[in-house]
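**Student:** quick check, what structure comes out for this input:
(one chain, ligands or ions: 2)
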Amino acid sequence: RKPTTITTLQSLYRRNEPITMITAHDFPSAHVADHAGMDMILVGDSLAMVALGMPDTSEVLLEEMLLHCRSVSRATTSAFTVGDLPMGTYEIAPEQALESAIRVIKEGRVKSVKLEGGKEMAPTISKITTAGIPVLAHVGLTPQRQNALGGFRVQGKSTVSALKLLQDAHAVQDAGAFAVVLEAVPAEVAALVTESLSIPTIGIGAGNGCSGQVLVQIDMLGNFPPGRFLPKFVKQFGNVWEESLRAVRSYREEVKERTYPAKEHTYPMAMSREEFGEF
Ligand code: KIV
Ligand code: NA
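**Tutor:** Residues are numbered from 1 along each chain as shown. Ligands and ions are numbered 1, 2, ... in the order given. Next up is the predicted model:
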């Protein structure tokens with residue numbers, strides 16, 4: 001496959017073909033996403049929670065995101081890559097945001113950046129896009145602001161908040177965002193926002209009426225121990241944790257039983273036992 005560019009994404013949007021996006025946070029998870037033919041790979045700051053075991057996304061540092069962005073970029077030949085700007089690296093001023101975005105591009109080696117926020121982030125989005133860095137916006141449930149939102153809650157349920165969502169989506173579009181993530185909003189609201197915009201919407205927990213979809217890879221793979229809380233919108237397409245558990249258990253058992261390593265896993269010796277004994 002040829003590398004996916006902004007132009008490729010725009011033509012998918014024009015043809016009304018759903019845009020597929022998934023997160024990846026390292027070399028193997030990016031490999032699988034790229035091989036599966038995903039249009040976009042997001043190095044989301046959700047990695048803080050699903051891969052680094054942090055309680056929320058606010059703890060992850062720009063330097064840490066850069067390490068993960070770089071490993072994802074090395075495995076990606078075809079998908080269009082996006083790196084999340086972590087909390088605290090873009091809210092102070094557009095200049096701060098541009099500086100962080102440049103680091104994500106230069107050091108993280110991804111093709112674009114994502115940041116959370118609507119109308120209030122318009123000058124920031126404009127600053128970054130003017131510098132030639134594509135920006136994916138993110139409105140609705142914005143996890144970096146969970147403390148202000150009162151937790152991970154559905155947004156755009158009331159008329160007032162649905163209208164705010166529409167305003168935010170238009171503000172980020174006018175500021176130059178190439179697409180916008182809609183997270184945890186009622187399906188009908190997301191569909192109306194999508195119809196009203198002239199850039200693609202990428203939904204997560206936002207129903208079927210968006211221009212594309214995104215999921216957190218570790219969630220959709222089922223790569224976590226049983227009993228972990230999952231948002232309603234996550235469909236578990238696999239059971240990677242169970243499969244990993246099975247494999248690691250078998251390895252452990254075979255070592256305890258001395259059935260692994262078997263002959264085919266070992267190297268032959270060139271000298272005879274007798275020769276060896278002479279030393
Ligand atoms: O960090 C992330 O994975 C995200 C997606 C859920 C959109 O922001
Ligand atoms: Na994120």
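
**Student:** which of the helices or strands spans Ile202?
**Tutor:** In this assignment (DSSP states H and E), Ile202 forms part of strand 201-204.

**Student:** strand partners (parallel or antiparallel) of that strand?
**Tutor:** The strands that strand 201-204 pairs with in its sheet are strand 179-183 (parallel), strand 212-215 (parallel) (by DSSP bridges).

**Student:** show the contacting residues for the residue in the stretch 1-150 of the chain positioned nearest to ligand 1.
**Tutor:** Closest approach between the stretch 1-150 of the chain and ligand 1, counting by C-beta to the nearest ligand atom: Gly44, at 2.3 Å. Using the backbone N, CA and C atoms, a C-beta is placed for each residue, glycine as well. By C-beta atoms under 8 Å, 6 or more residues apart in numbering, the contact list for Gly44 reads 23, 25, 84, 114, 216.

**Student:** now with 10 Å?
**Tutor:** 21-25, 50-51, 57, 65, 68, 82-84, 114, 138, 143, 181, 204, 214, 216-217 (C-beta atoms under 10 Å, 6 or more residues apart in numbering).

**Student:** for Met21, same thing?
**Tutor:** With contacts defined as C-beta under 10 Å, 6+ apart, Met21 is in contact with 9, 33, 38-42, 44, 79-80, 82, 136, 179, 181, 202-204, 212-215.

**Student:** ok so it is a strand residue?
**Tutor:** Yes: counting by DSSP: H, G, I helix; E, B strand; the rest coil, Met21 is part of a strand.

**Student:** how about the residue of the stretch 51-200 of the chain found nearest ligand 2: what's its closest non-neighbour residue?
**Tutor:** Ligand 2 sits closest to Asp84 of the stretch 51-200 of the chain, with a gap of 4.5 Å, by C-beta to the ion. Excluding its sequence neighbours, the residue lying closest to Asp84 (C-beta to C-beta, 6 or more residues apart in numbering) is Asp45, at 4.2 Å.

**Student:** just the pLDDT at the one you found, thanks.
**Tutor:** In this prediction, Asp45 carries a pLDDT score of 98.

**Student:** try Phe279
**Tutor:** Looking at Phe279, its pLDDT is 69.

**Student:** which bits of the protein sit near ligand 1?
**Tutor:** 23, 42, 44-46, 84, 181, 204, 214, 216 (C-beta under 6 Å from any ligand atom).

**Student:** same thing but at 8 Å, please
**Tutor:** Proximity of the chain to ligand 1, by C-beta under 8 Å from any ligand atom, involves residues 21, 23, 42, 44-47, 57, 84, 114, 116, 138, 143, 181, 183, 202, 204, 214-216.

**Student:** could I get the contacting residues of the closest residue to Ala93 other than its chain neighbours?
**Tutor:** Among residues not flanking Ala93 along the chain, Thr124 sits closest, at 8.0 Å (C-beta to C-beta, 6+ apart). Thr124 makes contact with 85, 90-98, 101, 115, 117, 135, 172, 175 under the criterion C-beta under 10 Å, 6+ apart.

**Student:** tell me the angle the helix or strand containing Thr124 makes with strand 179-183.
**Tutor:** Per DSSP H and E: Thr124 is located in helix 122-130. Helix 122-130 and strand 179-183 are oriented at 140 degrees to each other (axes from the mean of the first three to the mean of the last three C-alpha atoms, to 10 degrees).

**Student:** any residue of the next helix or strand after helix 122-130 up close to ligand 2?
**Tutor:** Sequence-wise, the next helix or strand beyond helix 122-130 is strand 135-140, with elements assigned using DSSP H and E. No: Strand 135-140 lies apart from ligand 2 when judged by C-beta under 5 Å from the ion; the minimum separation is 6.7 Å.

**Student:** after strand 135-140, which helix or strand is next? Please name it.
**Tutor:** Scanning onward from strand 135-140 (DSSP H and E), the first element met is helix 146-149.

**Student:** can that next one be said to contact ligand 2?
**Tutor:** No: Helix 146-149 is not in contact with ligand 2 by C-beta under 5 Å from the ion; minimum separation 11.2 Å.

**Student:** what angle do the following helix or strand past that helix and strand 179-183 make?
**Tutor:** Proceeding N to C from helix 146-149, the next assigned helix or strand is helix 159-174, under DSSP H and E. Inter-element angle recorded for helix 159-174 and strand 179-183: 160 degrees (by the same axes, to 10 degrees).

**Student:** can you give me the buried ones in helix 159-174?
**Tutor:** 162, 164-166, 168-173 (16 or more other C-beta atoms under 10 Å).
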